[in-house]
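Engineer: This is the structure alone, sequence omitted:
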């Protein structure tokens, strides 16, 4: 079955890249094939200087072999060969009016029989538009509800907790869904059922994001919005490098650095103690970057 | 004695700020006083848009009280009240021809009698100039040799190991000196002797950096050098957020975020898989960003 999953993820990468190129209109993905010394490899695909997407990556990988000691320690696993495959996406749009998005679907198994799925989609608007945030969460809820009514509330909270910039007391964006270590023991569902769910998450990505691209790509903006975008990109960097377990894990276990850090924005700014003016759109966005916002109701 | 150390550090901040303002000619430090809920506080001083320094911070703090659980765990200490004071500096120059610098001197003690000094100075040129790198290390060696001939080799290696961007297999810059947990047990020196050494490190900072400012501030540069500076600033961000134990410790133990992250550059860029052209000055610099370069001989 792991071959089926790997193949499906590989095709998902193709489908998403094609959909994003069409929606962008100008940007084209460039591909880097890479091999992992211990086994396996990946296809890193990077898009630069598109009409909408300034910098982004859609990466597929399938790696296997003897796990690094640090991986075993981090995952508290016994020594056994591992296999991991997944698709990972981060897109940084040129316009501050278009949100940053992240998606990941992944499958992990060990030769001793342990396996799980993980993944999620979350959105980071530079300016939060409530109707769009609600729409975004409704799409994710629909994907979840098709499989289990308990999924959305659980995975929405999980995303709130995961995408949290603790040292800023801010969420990275408006969240979405996040799940990890999903297996039969944990969920009571078969591997096939869980794979069905993960496939639906993967399929949902392109229609959701291309819709948000189209809605916002032609909105006007100026220097002020651009400056705010650069500061928010700084926060994105802070989350990914300080708190994101996936990034940390990858860098710590000698993953392919350029593929892991494709999540970095093209540029980011830091300004000491910047506080948006009271009543400004920037302050309104900040006020919504917190856990527990119920977007669907 | 801790009061003496605290006062000395506070004056060191004053002296360094004054020297930097004079050398810069335009930039002025702005001060933020802050208090820590559990005890103590600090004076954060930030300089922006100077003639030479684009963004920098010279921070003093003296905090005390009950240590956060995470601090005890990280330092493997028993529960007891703590006191910590220090001066911490990062300066990001406007010109890519002027190096970034970092300095820190600090003192830590616990009510159960444990105490130590730590600190260091390290330099991150966007373009490594060998003569200047040698001069820089000679200055640090002279400071060390005045106290103990064993200090420079030990603390130079420590800096090489500490300021290492593991996931890039690059050092952050050309290193310098780094030391931590210096106490009588470890060094055979009295607290007074160690404080003397730390004072000399603190005193060395301003003359060293203002000299490097003057040497390089008027050198011409163009778009290409500016772009390289932005990428190197990206690496600075990566080191500080992924690997720097001080930053991690501060963010994890609820330190003052804006003071900790004053080390961030004003802007940084990331470009997927950027590799400098063979034979270029950028490639020459990269080739020197490794451990174990013997700069003084």
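Structural biologist: Noted; the coordinates are in hand. Remember, predicted model here, so these are calculated numbers, not experimental data.

Engineer: and the stretch 1-150 of chain A, which of its residues are near chain B?
Structural biologist: Proximity of the stretch 1-150 of chain A to chain B (C-beta under 8 Å from any C-beta of the partner chain) is limited to residues A:32, A:46, A:48, A:55, A:57. No exception for glycine: its C-beta is placed from N, CA and C like everyone else's.

Engineer: So the last one is in contact with residue A:260, correct?
Structural biologist: This points to residue A:57. No - using C-beta atoms under 8 Å, residue A:57 is not in contact with residue A:260, being 9.7 Å away.

Engineer: Pull up the gap between residue A:286 and chain B, please.
Structural biologist: 14 Å (C-beta to the nearest C-beta, to the nearest Å).

Engineer: if I pick that residue, what's in contact with it?
Structural biologist: In this structure, residue A:286 makes contact with A:170, A:276, judged by C-beta atoms under 8 Å, 6 or more residues apart in numbering or on different chains.

Engineer: From residue A:164, how far off is it?
Structural biologist: 14 Å (C-beta to C-beta, to the nearest Å).

Engineer: can you check residue A:8 too?
Structural biologist: Taken as C-beta to C-beta, the span from residue A:8 to residue A:164 is 31 Å.

Engineer: before we move on, what about residue A:285?
Structural biologist: 16 Å.

Engineer: Mind telling me what element residue A:224 is part of?
Structural biologist: helix A:223-238 (DSSP states H and E).

Engineer: Over to residue A:107?
Structural biologist: strand A:100-110.

Engineer: Can you get me a residue count around residue A:219?
Structural biologist: As a burial measure, residue A:219 scores 13 neighbours (other C-beta atoms under 10 Å in any protein chain shown).

Engineer: and it, helix, strand or coil?
Structural biologist: coil (DSSP: H, G, I helix; E, B strand; the rest coil).

Engineer: and the residue of the stretch 1-150 of chain A found nearest chain B, bridged to which residues?
Structural biologist: Closest residue of the stretch 1-150 of chain A to chain B, C-beta to the nearest C-beta: residue A:46 (4.6 Å). For residue A:46, the beta-bridge partners are residue A:30, residue A:57 (DSSP bridges).

Engineer: give the contact list for it.
Structural biologist: A:29, A:30, A:32, A:55, A:56, A:57, A:262, B:272, B:273.

Engineer: Tell me how many other residues surround the second one.
Structural biologist: Applying other C-beta under 10 Å, we find 12 other residues in the vicinity of residue A:30.

Engineer: and what of the third one?
Structural biologist: For residue A:32, the count of nearby residues is 17 (other C-beta under 10 Å).

Engineer: Count the residues that sit near the nearest residue to it once chain neighbours are set aside.
Structural biologist: The shortest distance from residue A:32 to any non-neighbouring residue, by C-beta to C-beta, 6 or more residues apart in numbering or on different chains, is to residue A:44 (4.4 Å). As a burial measure, residue A:44 scores 25 neighbours (other C-beta under 10 Å).

Engineer: Quick one: mean pLDDT over the strand or helix carrying residue A:44.
Structural biologist: Using DSSP H and E, residue A:44 maps to strand A:40-48. Across strand A:40-48, pLDDT averages out at 96.

Engineer: Tell me the buried residues in that strand?
Structural biologist: Buried residues in strand A:40-48, counted by 16 or more other C-beta atoms under 10 Å in any protein chain shown: A:40, A:41, A:42, A:43, A:44, A:45, A:46, A:47, A:48.

Engineer: May I see these arranged in CSV, with distance to residue A:224 as well?
Structural biologist: Shown next, in CSV, are these (distance: C-beta to C-beta, whole Å):
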residue, distance to residue A:224
A:40, 46
A:41, 44
A:42, 39
A:43, 39
A:44, 34
A:45, 33
A:46, 29
A:47, 27
A:48, 25
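
Engineer: Max pairwise distance over these: which two?
Structural biologist: Greatest spatial distance in the buried residues of strand A:40-48: A:40 and A:48, 26.1 Å, computed using C-beta to C-beta.

Engineer: which one of the contacts of residue A:46 is nearest residue A:67?
Structural biologist: The nearest one, if we look at the contacts of residue A:46 relative to residue A:67 and count by C-beta to C-beta, is residue A:262, at 23.0 Å.

Engineer: Let's verify that closest one: helix, strand, or coil?
Structural biologist: helix.

Engineer: Now it: closest residue in space that isn't a chain neighbour?
Structural biologist: Nearest non-adjacent residue to residue A:262 (C-beta to C-beta, 6+ apart): residue A:57, at 3.1 Å.

Engineer: Report whether the helix holding residue A:224 contacts chain B.
Structural biologist: Yes - against chain B, helix A:223-238 shows contacts by C-beta under 8 Å from any C-beta at A:230, A:234, A:237, A:238.

Engineer: can I get those residues in JSON lines with pLDDT, distance to residue B:63 and neighbour count?
Structural biologist: Output for the residues of helix A:223-238 next to chain B, formatted as JSON lines (pLDDT from 0 to 100; distance: C-beta to C-beta, whole Å; neighbours: other C-beta atoms under 10 Å in any protein chain shown):
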{"residue": "A:230", "pLDDT": "98", "distance to residue B:63": "32", "neighbour count": "21"}
{"residue": "A:234", "pLDDT": "98", "distance to residue B:63": "26", "neighbour count": "23"}
{"residue": "A:237", "pLDDT": "98", "distance to residue B:63": "27", "neighbour count": "23"}
{"residue": "A:238", "pLDDT": "98", "distance to residue B:63": "22", "neighbour count": "24"}
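
Engineer: which residue ranges form the helices in the stretch 1-150 of chain A?
Structural biologist: Here the stretch 1-150 of chain A has its helices, by DSSP state H, counting those that start in this stretch, at A:2-24, A:69-75, A:130-145.

Engineer: mean pLDDT lowest for which of those?
Structural biologist: helix A:69-75 (a mean of 80).

Engineer: Now for the contacts of residue A:46, which sits with the most neighbours around it?
Structural biologist: residue A:56 (28 neighbours).

Engineer: quick one: contacts for it?
Structural biologist: Going by C-beta under 8 Å, 6+ apart, the list of residues near residue A:56 reads A:20, A:46, A:47, A:50, A:89, A:90, A:91, A:92, A:262.

Engineer: Repeat that for residue A:235.
Structural biologist: A:165, A:168, A:170, A:172 are the contacts of residue A:235 under C-beta under 8 Å, 6+ apart.

Engineer: Identify those among those that sit within strands.
Structural biologist: A:165, A:170 (DSSP state E).

Engineer: If any of the contacts of residue A:235 are buried, put those into a PyMOL selection.
Structural biologist: A single PyMOL command suffices to select whichever of the contacts of residue A:235 are buried according to 16+ other C-beta under 10 Å:
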select buried, chain A and resi 165+168+170+172
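
Engineer: from the contacts of residue A:235, which single one is nearest chain B?
Structural biologist: residue A:168 (6.4 Å).

Engineer: Does the closest one touch residue A:236 like I think?
Structural biologist: No - counting by C-beta under 8 Å, residue A:168 does not reach residue A:236; the two are 11.4 Å apart.

Engineer: quick check: angle from the strand or helix carrying residue A:213 to strand A:100-110?
Structural biologist: Using DSSP H and E, residue A:213 sits within helix A:191-216. Calculated by axes from the mean of the first three to the mean of the last three C-alpha atoms, to 10 degrees, helix A:191-216 forms an angle of 170 degrees with strand A:100-110.

Engineer: between helix A:191-216 and helix A:2-24, how big is the angle?
Structural biologist: Using the same axes, to 10 degrees: helix A:191-216 against helix A:2-24 is 10 degrees.
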